[in-house]
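In: just a sequence and a predicted model for now, questions to come.
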Amino acid sequence: MGAFDTPVHERHAVGLRGLAAAAPALLVDVEAEDFVAALVAALKSARWPRFGWPEGLPLAALSAQAAPRALFQPIHRRFNLLVLDTHCAAFGTPRLDPRKIDSAGFVVRRWAGPDASGAMPDADALADPRHWLLAQPEGWRRATDARDLDADPDPARRPLARTGNAAVDAELRARARPALAEAAHPLYPLPPEVAEHSGRTLLYGLLPTGDAQPRRAAKAVDYAAVRAPGAARDEFVAHLSPYLRRTAGVRLLPERQGRFDARWLDAEAEPLVDADEPDSTQAQRQRAQFTAFIRQLALEFDLTGERAAPLRALLDEVPLAHRRHGAPGLAGFGGLGLSWREPVSAAAFLVGCARVVTERDAPAVTIPDEFGPVPAGWTERFADAALTLLDARSAEARTLEGRYDDADALYAIRAFVRVKGEAPGCPPRLVWSAMTPLYRIAPWYASTGVPQARIALPPIDAASLRAMKPNVAFELPPSLHKLLALNSPKALLGGSAQPGSDIGIGWLCSFSIPIITICAFIALNVILVLLDFVFRWMPFVKICLPVPRRK
């Protein structure tokens with residue numbers, strides 16, 4: 001009997017199965033670039049029993065008993081394949097006649113249920129529609145009920161309710177939920193020689209672990225979870241400067257009656273307090289905390305921008321004052337021991353300080369004596385206003401987001417086959433497989449242990465250097481050329497470089513890529529050694545082995 005000369009079991013139900021009972025097999029660690037040939041060779045090398053799958057199949061499958069496994073991406077030279085057997089759900093489970101298959105494919109669904117990073121969820125959790133997100137062109141959509149999990153991915157193929165009454169049928173269609181498509185990936189039949197050898201009708205598909213299609217634009221950060229009460233909001237409030245959270249007692253500002261200027265921002269600047277003063281360490285700490293406060297307002301919350309008007313209005317609710325001594329209006333009577341508080345606009349003072357951070361030539365700001373405390377409930381209102389501002393700024397700083405970019409997300413696969421109708425005119429019948437075990441996708445930087453790419457660097461003797469002629473050219477605008485020509489390396493590194501102007505001519509500068517690579521390699525090693533004092537990463541970030549000289 002030939003590979004396709006199988007009896008047509010027209011009235012039998014159809015089933016899909018893989019290495020595990022009633023579950024598709026997800027095969028991993030196929031390293032060959034021709035992964036189809038590698039899969040075919042593995043399937044043909046196994047001895048197939050009369051029923052079921054071979055026990056010694058040289059392919060690794062996901063386990064439903066262990067924690068979700070990380071699958072590598074094509075960038076790691078790994079290809080993940082889904083293989084399943086289509087059969088008739090009758091005694092002996094004979095293979096399904098491939099001529100009965102109208103089409104086949106699979107969908108990838110994202111887990112949205114309880115934390116399953118340490119162990120696989122039980123069957124009840126996996127069957128709960130509320131725990132799944134369905135892939136759509138605009139992103140992931142949460143399933144609402146079991147109908148979403150079992151509906152045909154193609155809305156055009158879903159059967160319409162019919163009663164025989166045209167008016168009733170029209171009303172049913174009008175009240176039906178919007179037909180949303182689910183992203184599906186094709187399954188292909190394996191070559192006839194595999195079917196001949198195994199006695200099975202086997203289908204395979206390439207599992208997507210990255211986005212081949214253009215990525216959609218998304219916000220850089222989604223602050224919806226931070227707005228609601230919970231751990232995320234608590235962390236955000238704790239992230240706010242202590243100046244924005246202290247509700248009891250007046251806080252004395254550092255360097256009172258001094259000037260806040262650019263020296264406060266320079267970590268290498270000389271201390272603004274006397275090192276011999278007993279409380280100099282505490283004063284330095286207070287100064288650093290105040291500088292961090294101003295940086296947060298200026299850089300995170302853009303206090304000088306148009307969107308920060310609600311923040312400025314809130315800051316003006318915080319008491320801020322100079323402490324004056326003597327009698328108001330009576331000069332020369334400071335010895336009377338009288339003092340009073342002269343209120344200052346907190347928003348105006350802090351905006352002036354923020355401009356010191358964001359504008360090079362901003363004037364110095366006189367520092368008042370007393371700040372706060374903030375009113376009761378004020379911090380929560382400030383957090384809400386700050387989140388609104390950050391949400392707007394995030395919309396401007398949009399990023400391209402891929403469907404599988406989240407390294408912590410868990411996924412599963414469900415395959416389907418559309419079986420042709422038993423009689424002419426009957427629509428295809430949709431048959432779903434069970435869900436595969438959960439898995440995650442390893443990030444691009446994960447190590448797989450495969451052989452490394454080797455990049456040969458040239459020697460740096462005189463003869464080799466003379467042979468390395470320029471082979472790439474950079475086109476420089478006048479401003480960039482003058483910046484490099486008018487300033488020494490010391491000025492560039494020290495921050496005292498003078499900017500170049502756009503007046504003049506452009507330049508075309510040629511460089512040798514091998515020499516640039518040598519410079520980058522030397523600079524990389526210097527940086528690795530310097531940062532090793534912090535990270536202690538040299539034993540595993542750089543491994544050097546001696547290589548005998550070739551004769």
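Out: All right, it came through fine. Numbering: from 1, shown residues only.
In: now the strands for the stretch 301-450 of the chain?
Out: 320-325, 339-343, 365-366, 370-371, 399-401, 411-419, 429-432, 439-441 (DSSP state E, counting those that start in this stretch).
In: residue 432 reaches residue 413, doesn't it?
Out: No: taking C-beta atoms under 8 Å as the definition, residue 432 is not a contact partner of residue 413, at 11.3 Å. Placement of C-beta: from N, CA and C, glycine included.
In: the two: who's more crowded?
Out: residue 413 (25 against 16; other C-beta atoms under 10 Å).
In: ok, and the closest non-adjacent residue to that one?
Out: In space, and not counting its chain neighbours, residue 413 is closest to residue 436: 4.5 Å by C-beta to C-beta, 6 or more residues apart in numbering.
In: can you give me the pLDDT of the one you found?
Out: With respect to pLDDT, residue 436 scores 89.
In: okay, it and residue 340: tell me how far apart.
Out: 75 Å (C-beta to C-beta, to the nearest Å).
In: which one of those two has more residues nearby?
Out: Taking neighbours as other C-beta under 10 Å, residue 436 and residue 340 compare with residue 436 leading, 27 against 12.
In: I'd assumed residue 68 was in contact with the more buried one.
Out: No: taking contacts as C-beta under 8 Å, residue 436 lies outside contact range of residue 68: 10.6 Å.
In: residues in contact with the longest helix seen in the chain?
Out: Taking DSSP state H as the criterion, the chain has its longest helix at helix 513-535. Identification of contacts with helix 513-535 by C-beta atoms under 8 Å, 6 or more residues apart in numbering yields 455, 457-458, 460, 465, 468, 471-472, 537-538, 541-542.
In: list the beta-bridge partners for residue 431.
Out: Under DSSP bridges, the beta-bridge partners of residue 431 are residue 417.
In: buried subset of the contacts of helix 513-535 as a PyMOL selection?
Out: Restricted to buried positions by 16 or more other C-beta atoms under 10 Å, the PyMOL selection for the contacts of helix 513-535 reads:
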select buried, resi 468
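In: can you add distance to residue 94 and pLDDT and give the contacts of helix 513-535 back as a markdown table?
Out: Putting the contacts of helix 513-535 into a markdown table (distance: C-beta to C-beta, whole Å; pLDDT from 0 to 100) gives the following:
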| residue | distance to residue 94 | pLDDT |
| --- | --- | --- |
| 455 | 55 | 86 |
| 457 | 62 | 88 |
| 458 | 65 | 88 |
| 460 | 70 | 85 |
| 465 | 73 | 83 |
| 468 | 68 | 88 |
| 471 | 64 | 90 |
| 472 | 64 | 92 |
| 537 | 58 | 87 |
| 538 | 61 | 86 |
| 541 | 56 | 84 |
| 542 | 59 | 83 |
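In: tell me which of the contacts of helix 513-535 fall in strands.
Out: Those of the contacts of helix 513-535 mapping onto strands are residue 472, per DSSP state E.
In: closest to residue 236 out of the contacts of helix 513-535?
Out: Among these, residue 537 lies closest to residue 236 (C-beta to C-beta), at 30.9 Å.
In: what are the phi and psi values at that closest one?
Out: Main-chain dihedrals, residue 537, degrees, to the nearest 10: phi -110, psi 0.
In: so how far is residue 32 from it?
Out: Plainly put, residue 537 is 33 Å away from residue 32 if you go by C-beta to C-beta.
In: and residue 223, by the same measure?
Out: Distance, residue 223 to residue 32, using C-beta to C-beta: 45 Å.
In: distance of residue 138 relative to residue 412?
Out: Relative to residue 412, residue 138 is positioned 21 Å away (C-beta to C-beta).
In: and the two? Which one has more around it.
Out: Legend: neighbour count by other C-beta under 10 Å for residue 138 and residue 412, higher for residue 412 (23 against 9).
In: returning to that earlier point: worst mean pLDDT among the strands of the stretch 301-450 of the chain?
Out: Of all these, mean pLDDT reaches its minimum on strand 399-401 (a mean of 74).
In: so which elements touch that strand?
Out: strand 216-218 (3 or more C-beta pairs under 8 Å, 6 or more residues apart in numbering; DSSP states H and E).
In: next secondary structure after the strand it packs on?
Out: helix 224-227 (DSSP states H and E).
In: tell me how far that next one lies from the chain's centre.
Out: Chain-centre distance of helix 224-227: 18 Å, with C-alpha atoms, centre = their mean, to the nearest Å.
In: ok, now stretch 507-514?
Out: Centroid separation between stretch 507-514 and its chain, computed with C-alpha atoms, centre = their mean, is 35 Å.
In: and that stretch, what's its mean pLDDT?
Out: 90.
In: buried set for that stretch?
Out: 512, 514.
In: same question, stretch 116-127
Out: For stretch 116-127, a neighbour-count test (16+ other C-beta under 10 Å) marks 116, 120-121, 126 as buried.
In: can you list the residues you listed in CSV and add distance to residue 98?
Out: Below are these laid out as CSV (distance: C-beta to C-beta, whole Å):
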residue, distance to residue 98
116, 36
120, 33
121, 34
126, 30
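In: what is the burial count for residue 69?
Out: Residues near residue 69, counting by other C-beta under 10 Å, number 16.
In: what is the neighbour count of the closest residue to it other than its chain neighbours?
Out: Once flanking residues are discounted, residue 69 sits nearest to residue 439: 5.3 Å by C-beta to C-beta, 6+ apart. Counted with other C-beta under 10 Å, residues neighbouring residue 439 total 22.
In: thought residue 439 was touching residue 71?
Out: Yes: in this structure, residue 439 is within contact of residue 71 by C-beta under 8 Å, at 5.3 Å.
In: name the nearest residue to residue 143, ignoring sequence neighbours.
Out: residue 129 (4.3 Å).
In: tell me the contacts of the one you found?
Out: 143-146, 148-149.
In: and residue 187, by the same measure?
Out: 82, 84, 104-106, 203-205, 415, 417.
In: change it to 7 Å
Out: Contacts for residue 187 were tallied using C-beta atoms under 7 Å, 6 or more residues apart in numbering; they are 104-106, 203-205, 415.
In: how about residue 391?
Out: residue 223.
In: what's stretch 343-355 in contact with?
Out: Outside stretch 343-355, the residues touching it (C-beta under 7 Å, 6+ apart) are 260, 294, 297-298, 303-304, 312, 315-316, 318, 320-322, 362, 365, 368.
In: kindly format the C-alpha coordinates of stretch 77-86 as CSV.
Out: This file holds the C-alpha atoms of stretch 77-86, laid out as CSV (Å, rounded to 0.1, in the frame of the first residue of the first chain):
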residue,chain,number,x,y,z
ARG,A,77,20.8,29.1,15.4
ARG,A,78,18.0,27.1,17.0
PHE,A,79,14.7,26.1,15.3
ASN,A,80,11.7,24.9,17.2
LEU,A,81,9.3,22.6,15.4
LEU,A,82,5.8,21.4,16.1
VAL,A,83,5.0,17.9,14.9
LEU,A,84,1.7,16.0,15.3
ASP,A,85,0.0,13.0,14.0
THR,A,86,-3.5,13.3,12.4
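In: show me the helices in the stretch 251-400 of the chain, by range?
Out: 280-295, 309-315, 346-358, 378-396 (DSSP state H, counting those that start in this stretch).
In: hey, which of those helices is tucked in deepest?
Out: Ranked by mean neighbour count, the helices of the stretch 251-400 of the chain are led by helix 346-358 with a mean of 20 (mean count of other C-beta atoms under 10 Å).
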